[in-house]
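Q: Dropping a prediction and its sequence here:
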Amino acid sequence: MTKNSRSSSPGHDPIQPIMASPGNSGPAVSSPAPATGPEIIRPAHPLKAGRFRGFIRPQYRDALLLEALACPQRLLQSEGAEILREGRNKVVVVKAAFSTGEKKEFVIKEFSSHGINKLKTLVEPSKAAKAWRGAMALVERTIETPAPVAFLERRKRGFVEECYFLAERTIGFDEIRGCFLNHRPGELDALFPALARHLAACHEAGILHRDLSDGNILLRKNTAGDYVFTLLDTNRIRVYKRLSTPRRVKNLIRLGIPKPQQRYFLEQYFGGFGLSPLSWLWYRLNKDVFGVYIGLKKILRLKKLARKLRIQ
């Protein structure tokens, strides 16, 4: 994979401004519109809660929430907490009270920190900081994602011991994989152009999601009947000044587009102006290689082995 210049450099500053310049080649796109109109982005505030440090958006800075964040584990086990996923990384929905009497639902993602990943935190941001950075990059570009609230981490001798990313809970969305697997006749004909335009706009804005899979894209229909998409797993997002066409095409291979519709989807991604034989060949080659890789992972149970050896 060719390395492009990033508009942010790795380090411990999780809110270093990230500016994207539109590429001068690639698919024709239209900018993804925010669901609730343009948002004024106010600078994040440094966060200090107990032994934890991080950043929080000013609209969420409240004495009661800061008190709760000083002990994230207590918050994860609070009354009404709902575990959405438990494994290498834990995802929990919690209800947090504010000084105004208001209660809000937040999704907290707790990232594991051990093995190689822990060693890397000596010189790299934590996964929670990366999730924050990715989410804020999307917000700045009016690309929909669950509203980021804060991230916090606790380090010891420079290594991350614990880290958490908080976002507002998003409701009314479904995973896009459900549409791929269970769709009504003709439904995909409307979905693919909308999805292709959205992803092309993300790429044009310099957004590269390194795990652009069906489980990380949610969708719903707005009151006008148009598809609205939102991106998850923002710690896998990287921002570049420009993405080459081969890199854009390769970024689409994790999507579970049914094989008969793959060419149509790519044609829509390139604005309906035709798909070059080279781009199609590059997509099919990488798609096949990725399929073999996934098959080997399942056979060899690499994820399970990595957890046992504590290298993930």
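A: Looks like it came in fine. Residues are numbered from 1 along each chain as shown.
Q: what about residue 50, neighbour count?
A: A count of neighbours around residue 50, defined by other C-beta atoms under 10 Å, yields 13. For the C-beta atoms, the positions are set from N, CA and C on the backbone; glycine is no exception.
Q: So it versus residue 149, what's the distance?
A: Taken as C-beta to C-beta, to the nearest Å, the spacing of residue 50 relative to residue 149 amounts to 17 Å.
Q: Torsion angles phi and psi at the nearest residue to residue 257 once chain neighbours are set aside?
A: By the measure of C-beta to C-beta, 6 or more residues apart in numbering, the closest residue to residue 257 outside its immediate chain neighbours is residue 265, 5.0 Å from it. Backbone geometry at residue 265, expressed as degrees, to the nearest 10, gives phi -60, psi -50.
Q: so what's residue 265 up against?
A: Remark: with contacts taken as C-beta atoms under 8 Å, 6 or more residues apart in numbering, residue 265 is in contact with 192, 195, 196, 252, 255, 257.
Q: mean confidence score for the regular element (helix or strand) spanning residue 294?
A: Residue 294 is part of helix 277-300 when elements are defined by DSSP states H and E. When the per-residue pLDDT values of helix 277-300 are averaged, the result is 91.
Q: just checking, what packs against it?
A: Packing partners of helix 277-300 (3 or more C-beta pairs under 8 Å, 6 or more residues apart in numbering; DSSP states H and E): helix 245-250, helix 262-269.
Q: Out of the ones you listed, the one nearest residue 182 is which?
A: Of all those, it is helix 262-269 that lies closest to residue 182, at 17.9 Å by C-beta to C-beta.
Q: Does residue 236 touch residue 209 like I think?
A: Yes. Contact between residue 236 and residue 209 holds when scored by C-beta atoms under 8 Å: they sit 5.8 Å apart.
Q: These two: who's more crowded?
A: Each of residue 236 and residue 209 had its neighbours counted (other C-beta under 10 Å), and the higher figure belongs to residue 209 (22 against 18).
Q: Identify the residues contacting that one.
A: Applying C-beta under 8 Å, 6+ apart, the residues contacting residue 209 are 202, 216, 231, 233, 236, 237, 251.
Q: Which single one of the residues you listed is nearest to residue 145?
A: Distances from residue 145 to the contacts of residue 209, taken as C-beta to C-beta, are shortest for residue 231 (5.0 Å).
Q: give the contact list for the closest one.
A: Contacts of residue 231 were listed using C-beta under 8 Å, 6+ apart, and they are 138, 143, 144, 145, 202, 209, 216, 217, 218, 237.
Q: One more pass at 7 Å, please.
A: 138, 143, 145, 209, 216, 217 (C-beta atoms under 7 Å, 6 or more residues apart in numbering).
Q: From residue 167, how far off is the first one?
A: Right, residue 138. 11 Å.
Q: just the second one next, same as before
A: Shown here: residue 143 relative to residue 167, a distance of 14 Å by C-beta to C-beta.
Q: now the fourth one
A: Going from residue 209 to residue 167 by C-beta to C-beta gives 16 Å.
Q: just the fifth one next, same as before
A: Spatial separation of residue 216 from residue 167 under the definition C-beta to C-beta is 13 Å.
Q: can you pull out the helices in the protein?
A: Chain-ordered helices for the chain, with DSSP state H as the definition, fall at 63-69, 72-76, 115-120, 127-140, 176-181, 187-204, 245-250, 262-269, 277-300, 302-308.
Q: Name the nearest residue to residue 82, ignoring sequence neighbours.
A: Distances taken as C-beta to C-beta, 6+ apart place residue 93 nearest to residue 82, at 4.3 Å, with adjacent residues excluded.
Q: Please name the residues that touch the one you found.
A: Each residue near residue 93 by C-beta under 7 Å, 6+ apart is listed here: 81, 82, 84, 105, 107, 169.
Q: about what we covered before: deepest of the helices of the chain, which one?
A: Among those, the stretch with the highest mean neighbour count (mean count of other C-beta atoms under 10 Å) is helix 127-140, at a mean of 24.
Q: What mean pLDDT does it get?
A: 97.
Q: relative orientation of that helix and helix 187-204 in degrees?
A: Relative orientation of helix 127-140 and helix 187-204, computed by axes from the mean of the first three to the mean of the last three C-alpha atoms, to 10 degrees: 100 degrees.
Q: helices or strands up against helix 127-140?
A: Using 3 or more C-beta pairs under 7 Å, 6 or more residues apart in numbering; DSSP states H and E as the contact criterion, the elements in contact with helix 127-140 are strand 103-111, strand 148-156, strand 159-168, strand 237-239.
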